[in-house]
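[1] whatever this is, show me its structure:
(one chain, ligands or ions: 1)
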Amino acid sequence: MAKAYDHLFKLLLIGDSGVGKTCLIIRFAEDNFNNTYISTIGIDFKIRTVDIEGKKIKLQVWDTAGQERFKTITTAYYRGAMGIILVYDITDEKSFENIQNWMKSIKENASAGVERLLLGNKCDMEAKRKVQKEQADKLAREHGIRFFETSAKSSMNVDEAFSSLARDILLKSGGRRLGNSYKPHSTDLKTCDKKNTNKCSLG
Ligand SMILES: Nc1nc2c(ncn2[C@@H]2O[C@H](COP(=O)(O)OP(=O)(O)OP(=O)(O)O)[C@@H](O)[C@H]2O)c(=O)[nH]1
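    This is a model prediction of the structure:
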């Protein structure tokens, strides 16, 4: 039987408790959203396969608990991750300030050369915004990483964010291992199983 995927990438989401890590993963993997908040205990994962540059990429997305008391468990998972998504909440300034600490935690616990991505989640809550897009843009530039504002609720930029990280990992690994299949200039980036059509509503 043919293999169902070409590559398996392990991704990890980190960030303060309540910023929406679990909701982002559920939106990405199941196209669903729930307003009820159940704090993650320890660690969990979901899977979705996407099509990037003609390759089937199986994404194993690990969800970590943001609470400090789970730190010893969650940091143990950094090492195996090929991509780490740092999440803050645009309505919660503290969660943005803490991104510096999460960056430090990556430096201390993850593999060198891990791809990173910054997400400002809950962008559907424009009226309650505390963190300006420019602040996050600046931070992302300082760290040389990509940045998206997302909404797990409206699904704004969720597929784009995961796909962009997967693509960066693919291009990076392509340079080393995939030889002729490496296509750095292609912009053909699409997901297999669903299209993101929702707009980010304000309010
Ligand atoms: N309006 C809005 N609410 C969101 C969004 N994403 C998550 N939430 C809400 O924020 C709360 C926390 O979401 P979670 O995904 O459980 O947060 P978490 O980062 O996984 O939290 P921990 O598991 O404690 O680390 C829930 O009530 C969600 O419904 C979003 O994009 N927009």
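[2] what's near enough to touch the nearest residue to N121 once chain neighbours are set aside?
    Spatial nearest neighbour of N121, chain neighbours left out: G20 (4.2 Å); criterion: C-beta to C-beta, 6 or more residues apart in numbering. For every residue, glycine as well, the C-beta is placed using N, CA and C. Residues counted as contacts of G20 (C-beta atoms under 8 Å, 6 or more residues apart in numbering) are V87, D89, N121, K122, A152.
[3] let's have those in TSV, adding pLDDT.
    TSV is the format used below for the contacts of G20 (pLDDT from 0 to 100):
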residue	pLDDT
V87	98
D89	98
N121	98
K122	98
A152	98
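[4] CA atoms of the longest helix belonging to the chain as CSV?
    Across the chain, the longest stretch assigned as helix under DSSP state H is helix 158-173. Presented in CSV, the C-alpha positions along helix 158-173 are these (Å, rounded to 0.1, in the frame of the first residue of the first chain):
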residue,chain,number,x,y,z
VAL,A,158,-5.3,29.6,10.9
ASP,A,159,-4.7,27.4,7.9
GLU,A,160,-2.3,30.0,6.5
ALA,A,161,-0.2,30.0,9.7
PHE,A,162,0.2,26.3,10.0
SER,A,163,0.9,25.9,6.3
SER,A,164,3.5,28.6,6.3
LEU,A,165,5.4,27.0,9.1
ALA,A,166,5.1,23.6,7.4
ARG,A,167,6.4,25.1,4.2
ASP,A,168,9.4,26.7,5.9
ILE,A,169,10.3,23.4,7.5
LEU,A,170,9.9,21.6,4.1
LEU,A,171,12.1,24.2,2.3
LYS,A,172,14.7,23.9,5.0
SER,A,173,14.8,20.1,5.1
